[in-house]
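Engineer: Here is a sequence with its predicted model. Questions after.
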Amino acid sequence: MSNLRFPDASVIRNSHFIMNITADKLADIQNRDILSYENDYRNNLYCPECNKAKLFLRNGTEKIPHFSQSKNSFHDDDCSLNFDRISSKKLQIMYNDNPDEYEIHNRLKKIIGLFFRNNKTGSSPLVVSVSKKKKGSSSSSGIVEETHVKASIPRRLVTSLRDEDLNKIKIFYGEVYIQWVKSQNCSLWNLRMYKGYNEHSKKFFGLCCNLIVTDKVHNYVKKTPSYICNQHCYIAFFGEIEENKSKNNKAYYNCLLKRSEFLTVETLQVL
Ligand SMILES: [Zn+2]
């Protein structure tokens, strides 16, 4: 587990959760204000999910800043980092073939609570129980014995997407600025997610992902806080981000929102 790269970490001081911070933001603090970095952050970084395993920032020699896990530090028993990833076949069933929309929506809401507000509500929202064939289960009798094991759902911070995240079903989450844009001449909506917003010029910057929403799904989204056009928010969605086929437009990624329940937004500020 120690070679894992974390894009974000929890900042905990004197046993109090302060915030979730991205490696990019902390690298920026380290570059601008080394004293603040040393005093306020350096020794206060933990796994963003369980807040137990210690992390440290890797910045400078690496091209992309990220957090790594400190040696001899462990995750909470329930942390999804302790479990193998769910198989892509089982994930496909959860996403495509037979989704439990209500259950998935609940997980997304809990992920925002866990990562950004340190609200722990029972078991990890990133851990699922999946059936597995029992070893040595008899094939001659035709009865396949099954057992259940825990597995983790892959997640990724939407503000630090990489090529390795493309064409894979994951839960994406982050603190973003969103804007709804209706496509011209077609019945699609675009939920644009940005890393920042300039209060002075009233402009968004750092477009990181574009969630494509059909008119049909948009009718359901309309009834939720995601519908507020310009807002600063926490977001979580379940999706598969596509590779951007256009060579001249590598600036952001597209993802089709399959169901309205696969998206949740918690408004921080209406812009
Ligand atoms: Zn953990």
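Structural biologist: Nice, I can see it.

Engineer: Which pLDDT value goes with Tyr227?
Structural biologist: Looking at Tyr227, its pLDDT reads 79.

Engineer: Just read off the phi/psi values of it.
Structural biologist: phi -80, psi -20 (degrees, to the nearest 10).

Engineer: Make 207 the starting number, not 1.
Structural biologist: From this message on, residue numbering opens at 207, which makes the last subject Tyr433.

Engineer: wouldn't it be in contact with Val423 here?
Structural biologist: No - using CB atoms under 8 Å, Tyr433 makes no contact with Val423, being 11.9 Å away. All C-beta spots, glycine's among them, are computed from the backbone N, C-alpha and C.

Engineer: and the two? which has more neighbours close in?
Structural biologist: For Tyr433 versus Val423, the count of surrounding residues by other CB atoms under 10 Å is larger for Val423: 21 against 14.

Engineer: Phi and psi next, for the more buried one.
Structural biologist: Per degrees, to the nearest 10, the backbone of Val423 is at phi -70, psi -40.

Engineer: Can you check the pLDDT for it?
Structural biologist: 92.

Engineer: nearest residue to it other than its sequence neighbours?
Structural biologist: Ranked by CB to CB, 6 or more residues apart in numbering and with sequence neighbours excluded, the top spatial neighbour of Val423 is Ser466, at 5.2 Å.

Engineer: Could you do Ala229 as well?
Structural biologist: Pro271 (4.1 Å).

Engineer: ok, now which ones touch the closest residue to Leu297 other than its chain neighbours?
Structural biologist: Spatial nearest neighbour of Leu297, excluding adjacent residues (CB to CB, 6+ apart): Ile375 at 5.0 Å. For Ile375, the contacting residues are Ser294, Leu297, Gln298, Tyr301, Pro360, Phe444, Gly445, Glu446, by CB atoms under 8 Å, 6 or more residues apart in numbering.

Engineer: Distance of Ile375 relative to the ion?
Structural biologist: Applying CB to the ion, to the nearest Å, the value for Ile375 to the ion is 22 Å.

Engineer: near the ion, which residues of this structure?
Structural biologist: Contact residues, the chain versus the ion (CB under 5 Å from the ion): Cys253, Glu255, Cys256, Ala259, His281, Cys285, Leu287.

Engineer: Pull the contacting residues for the fifth one.
Structural biologist: In this structure, His281 makes contact with Met207, Cys253, Glu255, Cys256, Lys258, Ala259, Leu287, Asn288, judged by CB under 8 Å, 6+ apart.

Engineer: Residue of the stretch 307-456 of the chain nearest the ion, please.
Structural biologist: Nearest to the ion in the stretch 307-456 of the chain, going by CB to the ion, is Ser330, at a distance of 8.7 Å.

Engineer: can you count the residues close to that residue?
Structural biologist: A count of nearby residues for Ser330, using other CB under 10 Å, gives 26.

Engineer: Please name the bridge partners of the residue nearest to Leu297.
Structural biologist: Judged by DSSP bridges, the bridge partners of Ile375 are Glu446.

Engineer: so what's the residue lying closest to Asp369 once chain neighbours are set aside up against?
Structural biologist: Using CB to CB, 6+ apart and skipping the chain neighbours, the partner closest in space to Asp369 is Glu449 (7.9 Å). Neighbouring residues of Glu449 by CB under 8 Å, 6+ apart: Asp369, Leu372, Asn373, Tyr459.

Engineer: what does Leu417 give?
Structural biologist: Contacts here follow CB under 8 Å, 6+ apart; on that basis Leu417 touches Asn396, Leu397, Arg398, Met399, Phe443, Gly445, Asn460, Cys461, Leu462, Leu463, Leu469.

Engineer: Break down the stretch 257-406 of the chain into its strands, ranges please.
Structural biologist: Under the criterion DSSP state E, counting those that start in this stretch, the stretch 257-406 of the chain contains strands at 261-264, 272-275, 333-339, 352-358, 361-363, 375-388, 394-404.

Engineer: Of all the ones you listed, which one is nearest Ile218?
Structural biologist: Among the strands of the stretch 257-406 of the chain, the nearest to Ile218 by CB to CB is strand 261-264 (10.6 Å).

Engineer: Done for today, thanks.
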